[in-house]
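Chemist: Curious how this folds, go ahead:
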Amino acid sequence: MQTHNSTQLETLVHQQLRECSPVFLALADPIRQDIIMMLTKHDSLNVAQIVERSPMSRSAISHHLKILRQAKLVTSTKIATEIYYSLDIEGPVLLLKEFLATTDRIIEMKTAGAE
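Modeler: The predicted structure follows:
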């Protein structure tokens with residue numbers, strides 16, 4: 001029998017999972033993973049600088065950067081005519097931590113209920 005508390009936790013974890021989906025999508029692609037790794041080594045890079053370090057075309061890199069921006073993993077700043085991208089993962093990391101914490105609580109409750 002489910003308790004009211006476990007139902008609330010399952011609703012919460014479902015909501016958190018939906019909120020984390022863009023992050024999961026963004027992190028699932030090897031090219032986006034490479035871009036994230038590039039940005040961990042540099043404060044910011046523009047599209048041309050990322051293309052120099054990647055086998056992908058400028059349009060492909062721009063597409064991947066759009067997905068990373070939508071997931072709020074990178075931010076962009078326009079300087080003169082160039083747009084520079086920087087890693088900004090604090091928000092997404094917090095979402096993932098909250099999702100994992102809720103999932104852990106559900107597992108603990110189910111494990112305690114099984115004993």
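Chemist: give me every residue that touches the residue nearest to Ala71 when sequence neighbours are not counted.
Modeler: What sits nearest to Ala71 in space, not counting adjacent residues and going by CB to CB, 6 or more residues apart in numbering, is Ala26, at 3.7 Å. (Glycine included, C-beta is placed from N, CA and C.) Ala26 is in contact with 32, 67-68, 70-71, 73, counting by CB atoms under 8 Å, 6 or more residues apart in numbering.
Chemist: ok, Ala26 to His14 distance?
Modeler: 20 Å (CB to CB, to the nearest Å).
Chemist: same check, this time on Pro22
Modeler: Distance from Pro22 to His14, by CB to CB: 16 Å.
Chemist: more neighbours, those two?
Modeler: Between Pro22 and His14, Pro22 has the larger neighbour count (other CB atoms under 10 Å), namely 17 against 11.
Chemist: in which helix or strand would I find the residue most central in space within the chain?
Modeler: For the chain, the residue nearest the mean C-alpha position is Val23 (2.7 Å; CA atoms, centre = their mean). Assigned by DSSP states H and E, Val23 belongs to helix 4-27.
Chemist: so the residue nearest to the centre of the chain makes contact with Leu94?
Modeler: No - applying CB atoms under 8 Å, one finds Val23 not in contact with Leu94, separated by 10.6 Å.
Chemist: For the residue lying closest to His42 once chain neighbours are set aside, report the pLDDT, please.
Modeler: In this structure, His42 finds its nearest non-sequential neighbour in Gln49, 7.8 Å apart by CB to CB, 6+ apart. If you check Gln49, the pLDDT there is 97.
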